[in-house]
Each structure stands twice: as structure tokens, then as C-alpha cells.
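Undergrad: Below are the sequence and a predicted model; questions follow.
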Amino acid sequence: MPYDTPVPGYKNNTVNTMRLWSAKAPNDFNLQEFNVGDYIQAVLDRNLAENISRVLYPNDNFFEGKELRLKQEYFVVADTLQDIIRRFKSSKFGCRDPVRTCFETFPDKVAIQLNDTHPALSIPELMRIFVDIEKVDWEKAWEITKRTCAYTNHTVLPEALERWPVSLFEKLLPRHLEIIYAINQKHLDVRSGSVQGERMIQGMGNRMQ
């Protein structure tokens, strides 16, 4: 559920909006469970869904908190990117097609600024949308993603940089882990100048499609 907060400019007659997201369960209340006396189960789906956005940055010193934070960060990233893609495809921007299907001009119209590590999942999620949903070629999708995303680095202290267990990431976001491995391999190949590795990553990108 999106919520727009107005952000007025200073003496310029301009008001922008900051879109925030709240998690809502598709099934708010289970009357059947309630009628048989299971009152907790009757609202369990709603509580589990709303926990994702109930508290920002939950304590991640234990596994449940770390899992919830990963869910929370992906939730906000996925919502925002789907909204951005929807707006881009429905806006004309000089295109005569009823729905925009070409993403060549995407970086010219969209800028995604990653403020520290919390929205870092935007990169694999944007790649997933381009490759899996919009059927964009892997190399073209990667070029568009690189031109669209920028990063603000606030600190390099280890305690401030988020790290996720591979087992947790694989459990919650297996497709994104594949994409992250492919991106990482591509960077390694570029650094080493390996032509063979470049061919391998291109083949991996084709298989992912």
C-alpha cells in the first residue's frame, strides 16, 4: 500500500512527493478460523504481513531479526522498482506506443540513487525485472542498470556494512543470488581481463533468460 508524503520546496511553488510503503495482507481476517475459536490464527496472515513494515530497521543481532530486515529491505526495493517501471511504461516520453516496451531511454528518464547499503538489492531486482519479466537481453539489461543506478557511500566501517548469510539469501531470494553471482563474476573477469570468463558470463546471462 503506497502512501505519498508531500515535500514542499522553499519559495519555489514546487511540491514533490516521497512515496512510502506499508505491507498489507491479502487476507486480513479469516472468519472460519475465528468461528472455531482459533482467534490468533484468524489474524495471523495480517500480523505476519504487517510485521514487515511495522518497525524500520529491526534489531538484527539474532537470526529472526536479520531475516525480517532482509525481507523488509527487499519489500521496499521491490515495491519502488515496480512502481518506477509502471510509470515509465505508461508515460509517453515521446513514444507513440500505448505501452512502452523499449527500455533504451530508461536511464535518461530514471535515476535510482542507492543511499548507503540498505537499498543495494535494487541492482539485482532491476536486473531480474529486465531479464525475467521484460525479456531484455542480459548485456543490454546490465548496461541499462549501470547507467540508472548510483551509490552514496557513507562509511566503510565493517559494523555499518550489511552482510547476509548465503544460506538465508538463498532461502529467501534464490534468483537474486544467481544474479549477484553473475554480476560478481563479471567484475572479476573485467579486473583480470579474462576473455574466457567474459564468454562464460555471457553464456550464464543467456541461460538466465
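TA: Right, received. Where do you want to start? These numbers were taken from a predicted model, which means no experiment stands behind them.
Undergrad: where does the chain dip in pLDDT?
TA: 28-45, 47, 92-100, 194-209 (pLDDT under 70).
Undergrad: and the longest helix for it?
TA: Using DSSP state H, we find that the single longest helix of the chain is helix 63-90.
Undergrad: and that one, what other elements does it pack with?
TA: strand 15-21, helix 44-54, helix 122-128, helix 166-172 (3 or more C-beta pairs under 8 Å, 6 or more residues apart in numbering; DSSP states H and E). In short, each C-beta sits where N, CA and C put it, glycine included.
Undergrad: chain center to it, what's the gap?
TA: Distance, stretch centre to chain centre, for helix 63-90: 4 Å (C-alpha atoms, centre = their mean, to the nearest Å).
Undergrad: cool, stretch 13-26 as well?
TA: Put simply, stretch 13-26 sits 16 Å off its chain's centre (C-alpha atoms, centre = their mean).
Undergrad: May I have the distance across that stretch, first residue to last?
TA: By C-alpha to C-alpha, to the nearest Å, the extent of stretch 13-26 from end to end equals 39 Å.
Undergrad: So what touches that stretch?
TA: Stretch 13-26 has contacts (C-beta atoms under 8 Å, 6 or more residues apart in numbering) with 1-9, 45-46, 48-53, 75-76, 79-80, 83.
Undergrad: Now for the spatially most central residue of the chain: which residues touch it?
TA: Nearest to the mean C-alpha position of the chain, by C-alpha atoms, centre = their mean, lies Val77 at 3.2 Å. Applying C-beta under 8 Å, 6+ apart, we find Val77 in contact with Pro119, Leu121, Ser122, Glu125.
Undergrad: The third one reaches Asn115, doesn't it?
TA: No. Counting by C-beta atoms under 8 Å, no contact exists between Ser122 and Asn115, whose distance comes to 10.5 Å.
Undergrad: who's more crowded, these two?
TA: Ser122 (24 against 11; other C-beta atoms under 10 Å).
Undergrad: Once you drop chain neighbours, what's closest to the more buried one?
TA: Val77 (5.0 Å; C-beta to C-beta, 6 or more residues apart in numbering).
Undergrad: ok so, going back, export the helices and strands packed on helix 63-90 to a markdown table and tack on distance to Thr105?
TA: Conversion of the helices and strands packed on helix 63-90 to a markdown table gives the following (distance: least, C-beta to C-beta, whole Å):
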| stretch | distance to Thr105 |
| --- | --- |
| strand 15-21 | 22 |
| helix 44-54 | 32 |
| helix 122-128 | 15 |
| helix 166-172 | 32 |
